[in-house]
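Asker: requesting a structural model of the entry that follows:
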Amino acid sequence: MRNILRTAVVGLAAAPLALGHTWIEQMRNVNDKGEYVGEYGYPRGMVGKTDPGFNGNSMNWELPGSNLQGNVFINESTPLCHPSQRKQVQSSDKYPRLQAVPGGFIAMRYMENGHVSLPNNQKGKPKKAGTVFIYGTTDPKEDETLATVLQWSQDGQGGNKGGKLLTMNDFDDGRCYEVNSSPISTQRQKSDPNFAMGQVVEGAPGNYPLFCESSVQLPKTADLGKPYTFYWVWQWNTVPGADPGLPAGKDEYYTTCIDVDVASANVALAADAESKFALGQQDAMTIAVSDFASRTALMTDVMKAEVGPIFSSKPTGAASSSTAGAPAATGGAPFLNTTISAAPTGIPTLTGRPGASSTLSLGNADVVTVTDTVYVTVTAAPEATQPAASAVTPRAAHIIRHKNGAKFRSMFTE
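Answerer: This is a model prediction of the structure:
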């Protein structure tokens, strides 16, 4: 049985990528030594990739995506949370909330899905695969909107003052990767080898992808015995003028809505994590990224990288004022492989990049079925520090949505 499981791990690690789908899959507490400690924690409404019925939309929440009927820019009513994450409810007992300590650091872990290891797949995207903004509140709303939360500031005085901006991290944490043949992945497989939980072989090369992580500190003022809510917001917009199909640019956000239970250290940090799930859910990494307590981001002002009109015709509130406790802007958004030109007015017809997530099925311990949707790599002029990625696969299926909701499928070959 052990040999069968090890073969399954290699198969999963080598599965092709489905770009554009990322969400928080697990959380860990991080102690002062940078070690993961305590039990695992999970977002609201968690569905694991190996759970029956999992599909690309079970956890993925792209905004605006297809959620706003063809619009390429967010608006005032864009819903923040996935429909299964709008209530403070866990999906099952096996996916509990993380128990976290006031003032303690938390690693929010997610797969990079090619955004880090294959950075040249799409035009006009930001360096470091964009920015993760993490917001916190003790008063979550079921009908919370993205625009409302983006106006929260670090001092809690931005927007409607319903919460605060806690931190900003580059999406690329500096060590994460999918297992592929790209220069970034191959280098990181050597520097940070990874295995599935229970499959570590001393001296052997790693055979498993390594989660990226966002590092966030639970406020020291968080009340023991009460839940605290995090909103994980990944901004990955397309700059105007870079993609001929998106002359005005495109908003692209992904969110995960998460509650943690605030507990004392002897409760939250003492328990040993147990392997409760099928292979593919947990890995053997035991330490957080080295700079977990001092993470930075190239883009520190979420509104500076917003390409749509939502904040351009009205005051941005405290989120853009240095006196209100918001982070200072770094200037224009740093983008990869981008040529900026004047964008025409109006909204493009197409909604931009489609996406579909790989579906992994582990019906029993002996069989692994991998169903995937993969894409042809589009390589622009490589940047000096970011080598062009090689082709992922010789075929791809793209679904493109028009504003009127119609769909068509086209097949491409190299």
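
Asker: with just CA atoms, put stretch 185-193 into CSV.
Answerer: C-alpha atoms of stretch 185-193 as CSV (Å, rounded to 0.1, in the frame of the first residue of the first chain):
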residue,chain,number,x,y,z
SER,A,185,10.1,25.7,-10.2
THR,A,186,13.2,23.7,-10.8
GLN,A,187,15.3,26.0,-8.7
ARG,A,188,12.9,26.1,-5.8
GLN,A,189,12.4,22.3,-5.9
LYS,A,190,16.1,22.1,-5.0
SER,A,191,16.2,24.9,-2.4
ASP,A,192,12.9,23.9,-0.7
PRO,A,193,12.1,20.3,-1.4
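
Asker: quick one: contacts of it?
Answerer: Under the criterion C-beta atoms under 8 Å, 6 or more residues apart in numbering, residues 117, 175-179, 205-206, 210 lie in contact with stretch 185-193. C-beta here means a position set from N, CA and C on the backbone, and glycine is covered the same way.

Asker: filter these to the buried ones?
Answerer: The neighbour-count test (16 or more other C-beta atoms under 10 Å) marks 117, 175-179, 206, 210 as buried among the contacts of stretch 185-193.

Asker: was I right to think Ser215 contacts Leu166?
Answerer: No. Using C-beta atoms under 8 Å, Ser215 is not in contact with Leu166, being 10.3 Å away.

Asker: the two - which one has more neighbours?
Answerer: Neighbour comparison, Ser215 and Leu166: the larger count goes to Ser215, with 21 against 18 (by other C-beta atoms under 10 Å).

Asker: and the more buried one, what pLDDT?
Answerer: Predicted confidence (pLDDT) for Ser215: 98.

Asker: before we move on, what about the one 3 residues further on?
Answerer: Among the per-residue scores, Leu218 shows a pLDDT of 98.

Asker: cool, and Thr393?
Answerer: At Thr393, pLDDT is 35.

Asker: just Thr369 next, same as before
Answerer: 33.

Asker: do Val200 as well
Answerer: 85.

Asker: check Ser358 too.
Answerer: Confidence score, pLDDT, at Ser358: 36.

Asker: go on, Ala342?
Answerer: pLDDT at Ala342 comes out at 36.

Asker: please apply the same query to Asp223.
Answerer: Reading off the model, Asp223 has pLDDT 97.

Asker: burial count for it?
Answerer: 11.

Asker: likewise the one 4 residues further on?
Answerer: By the measure other C-beta under 10 Å, the count of residues near Pro227 is 14.

Asker: ok, now Gln90?
Answerer: Gln90, neighbours per other C-beta under 10 Å, totals 16.

Asker: for Thr137, same thing?
Answerer: 18.

Asker: residue contacts, it?
Answerer: Shown in contact with Thr137 (C-beta under 8 Å, 6+ apart): 162-164, 229, 231.

Asker: from Ala222, how far out is the nearest residue to it once chain neighbours are set aside?
Answerer: In this structure, Thr137 finds its nearest non-sequential neighbour in Gly163, 3.1 Å apart by C-beta to C-beta, 6 or more residues apart in numbering. The gap separating Gly163 from Ala222 is 13 Å, by C-beta to C-beta, to the nearest Å.
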